[in-house]
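Enquirer: task: produce atomic coordinates for the following.
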Amino acid sequence: MRTRRKQPDVPAPDGPWDEIVPGLWMGGHEFRGRSGRLESAVVRDEFDLVQTLLRQPGHGPDPGVEHQVWPIPDGPLDGTQLAGVIRLAQAAGDALDAGRTVLVRCYSGYNRSGLVVAHTLTRRGHSADEAIRLIRSRRSPWALHNELFVEYLRAGLPTARLLEELAE
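Expert: Model prediction:
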């Protein structure tokens, strides 16, 4: 599910990816280039680890770059999907601790990637609201405009996961 299909007024990001904190980047598969037209964000070898939440062919990364893929919708997540988000955030934090650079990406680089990056930040001591503010200031004011994902972050992903599993 693409964000702009649901909300056509959401603008494409101005760049392919943005650094949220040192070594932790957030991005998407499309961005508005200098010409004003949409361009593809293709990852080569700029990052040590790429985490992809919506896979599109031809967008990289290059062979030899660690690539973790966990497709999730930009909507309600079940317990298994939330567990994957939690694992990705752990892997991102471990990579940062090892001095590696990490890109977390989805379609626009707003919601799904924001969920993983924000959870990575909360695991590193930020409150959910601090993480959300930081992401919006560094990536886009449109980042984490999916209110359900904001609710997941404020509840805490482990709690949200438990509640989703109980509801299943």
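Enquirer: regarding P71, what is its secondary structure?
Expert: coil (DSSP: H, G, I helix; E, B strand; the rest coil).
Enquirer: and it, what does it touch?
Expert: Going by Cβ atoms under 8 Å, 6 or more residues apart in numbering, P71 touches T52, L53, L54, R55. No exception for glycine: its C-beta is placed from N, CA and C like everyone else's.
Enquirer: touching, the first one and I72? I think so.
Expert: Put plainly, it is T52. No. Look at T52 against I72 with Cβ atoms under 8 Å: they stay out of range, at 10.4 Å.
Enquirer: any weak-confidence spans in the protein?
Expert: 1-8 (pLDDT under 70).
Enquirer: how many neighbours does the closest residue to R136 other than its chain neighbours have?
Expert: Spatial nearest neighbour of R136, chain neighbours left out: A143 (5.0 Å); criterion: Cβ to Cβ, 6 or more residues apart in numbering. A143: 25 surrounding residues under other Cβ atoms under 10 Å.
Enquirer: assess the claim that A143 and G114 are in contact.
Expert: Yes. Under the criterion of Cβ under 8 Å, A143 makes contact with G114 at 4.9 Å.
Enquirer: what segments of this structure are helices?
Expert: Ranges of helices in the chain, per DSSP state H, are 3-6, 79-97, 112-123, 128-138, 147-155, 157-167.
Enquirer: L103: which of these is closest?
Expert: For L103, the closest of the helices of the chain is helix 112-123, at 8.6 Å, according to Cβ to Cβ.
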